[in-house]
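Undergrad: A predicted structure for the sequence below; I have some questions about it.
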Amino acid sequence: MPIVNRVAELSPDIAAWRRELHQMPELLFDVHRTAAFVADKLKAFGCDEVVAGIGRTGVVGVIRGGKGPGRTIGLRADMDALPIQEARDLPYKSQTPGAMHACGHDGHTAMLLGAARYLCETRGFAGTAVVIFQPAEEGGAGAREMVDDGVMDRFGVEEIYGVHNAPGLPIGAFATRAGPIMASTDTFEIEIAGRGGHAAKPDECVDPVLIGAQIVSALQTIAARNVDPLDSVVVSVTQFNAGTAFNIIPATARLAGTIRSLNKETRAFAAARLAEIADGVARLNRAEARTTLTSGYPVTVNHARETDFALKIAREVAGVERVNASTPPVMGAEDFSFMLEARPGAFVFIGNGPSAGLHHPEYDFNDDAIPYGVSYFAKLVEAATAA
């Protein structure tokens, strides 16, 4: 059975919710209006429990099936937006200057609300569905906050599933894979201390700009010469700050950037090697380098059994030919990784069609994806709790 008939009927309402959410983007944990919108909808649908304030501003709804006891399945959507000025003049464009839903979290939230409404109406499953609406995916680790606040234990979640829209993937298509599907993300800062002076007398200075340039180049040997070519690691220097005038060699310089990898051993190695390279290059040039590493999101790792199950449901919704079971991993990061460390589950991509890319000022979630995402969420619960 493809798209659920009742879901198709509800899709215009769900699209209207999505567009309302699009107009009121909120950042990180400051999602109070969005969380209130979600909680009000869940209460109106008839959820058995609606609990706000989990993980600071997260919202959880509990829906008990009408077919007796069974498994407890968690479904997650993220609610926060990005600090980007929207470029398109949409009828429902952002009403908050400098903020927009440039990653489709408005669509994820609307789809999970749609699934909650359907499941509350039908109750055609055994066990319990727990719908989890999370703040601060965009850099705030809201998933970790919710896990640390006991969301899995408090609501008895046994498995957890999430989705993310994918620009370029056709509408109605799904893609995922077992194992690592999204990268870890760590950040670094390197402070280089040299000796400043007149630009006409470089022999009297220890130039941190030159040293910084050497470090930038040397860091690329981590991926090119230190890690197995079949492994995946990215070291990107994204900031280089130094100097105040054209005729002064500065005393200090600062580099910053990100490290991405797909397994924890490579993650640890790359971080250690980065610090070694920065220190070594600086010492070679009679300077000092102080490296500060900040751990971000872990690798998003799909569990094998749950991925197989998610693929089975996706095929029921979209058809076998529109489901890619071995999509390549991506080096972007996702804090759903914290939930997958706490419980078995799977993260899948759903097609957003030929839209602008994620985090782009012209991006918009494609409402045509709604019936596929809602049907996927709903059928996950109906099938999992019947197993």
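TA: Cool, got the structure. Numbers count the residues shown, from 1 in each chain.
Undergrad: Quick one: the helices in the stretch 1-150 of the chain, in order.
TA: For the stretch 1-150 of the chain, the helices defined by DSSP state H, counting those that start in this stretch cover 5-23, 32-45, 105-122, 142-148.
Undergrad: now do the stretch 201-350 of the chain
TA: Using DSSP H, counting those that start in this stretch, helices in the stretch 201-350 of the chain cover 208-219, 221, 264-284, 304-318, 336-342.
Undergrad: Single out the most deeply packed of the helices of the stretch 1-150 of the chain.
TA: With neighbours taken as mean count of other CB atoms under 10 Å, the helices of the stretch 1-150 of the chain reach their highest mean count in helix 105-122, at a mean of 26. Placement of C-beta: from N, CA and C, glycine included.
Undergrad: how much does that helix deviate in direction from helix 32-45?
TA: 20 degrees (axes from the mean of the first three to the mean of the last three CA atoms, to 10 degrees).
Undergrad: now for helix 105-122, which elements pack on it?
TA: helix 5-23, helix 32-45, strand 58-64, strand 72-78, strand 128-134, strand 159-166, helix 370-384 (3 or more CB pairs under 8 Å, 6 or more residues apart in numbering; DSSP states H and E).
Undergrad: Reformat those as CSV; add mean pLDDT and distance to residue 113.
TA: Converted to CSV, those look like this (pLDDT from 0 to 100; distance: least, CB to CB, whole Å):
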stretch, mean pLDDT, distance to residue 113
helix 5-23, 97, 6
helix 32-45, 98, 5
strand 58-64, 98, 9
strand 72-78, 98, 8
strand 128-134, 98, 8
strand 159-166, 98, 13
helix 370-384, 97, 9
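Undergrad: How is the chain divided into domains?
TA: What automatic domain parsing lists as the domains of the chain is 5-181+299-384, 184-295.
Undergrad: for the helices of the stretch 201-350 of the chain, which one ends up most surrounded?
TA: Mean neighbour counts for those (mean count of other CB under 10 Å) peak at helix 336-342, with a mean of 22.
Undergrad: by contact count, what packs against it?
TA: Short answer (3+ CB pairs under 8 Å, 6+ apart): helix 336-342 packs on strand 72-78, helix 142-148, strand 159-166, strand 300-302, strand 345-351.
Undergrad: export the ones you listed to TSV and tack on distance to residue 243?
TA: Formatted as TSV, those follow (distance: least, CB to CB, whole Å):
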stretch	distance to residue 243
strand 72-78	40
helix 142-148	38
strand 159-166	41
strand 300-302	39
strand 345-351	43
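Undergrad: closest one to residue 314 among those?
TA: strand 345-351 (6.4 Å; CB to CB).
Undergrad: Which neighbours in the sheet does the closest one have, and how are they oriented?
TA: Taking DSSP bridges as the criterion, strand 345-351 forms sheet pairs with strand 159-166 (parallel), strand 174-175 (antiparallel).
Undergrad: now that strand: mean pLDDT?
TA: Averaging pLDDT along strand 345-351 gives 98.
Undergrad: Let me see the contact set for the residue nearest to the spatial centre of the chain.
TA: Central residue of the chain (CA atoms, centre = their mean): residue 334, 2.9 Å from the mean position. Residues counted as contacts of residue 334 (CB atoms under 8 Å, 6 or more residues apart in numbering) are 137, 164, 182, 297, 300, 347.
Undergrad: cutoff 10 Å now
TA: 78, 137, 143, 162, 164, 181-183, 185, 297-300, 340, 347 (CB atoms under 10 Å, 6 or more residues apart in numbering).
Undergrad: Tell me the spacing between the closest residue to residue 86 other than its chain neighbours and residue 319.
TA: With CB to CB, 6 or more residues apart in numbering as the criterion, residue 86 has its nearest non-adjacent residue at 3.9 Å, and that residue is residue 100. Computed with CB to CB, to the nearest Å, the distance linking residue 100 and residue 319 is 33 Å.
Undergrad: So for the two, which residue has more residues nearby?
TA: Neighbour count, other CB atoms under 10 Å: between residue 100 and residue 319, residue 100 has more, with 29 against 13.
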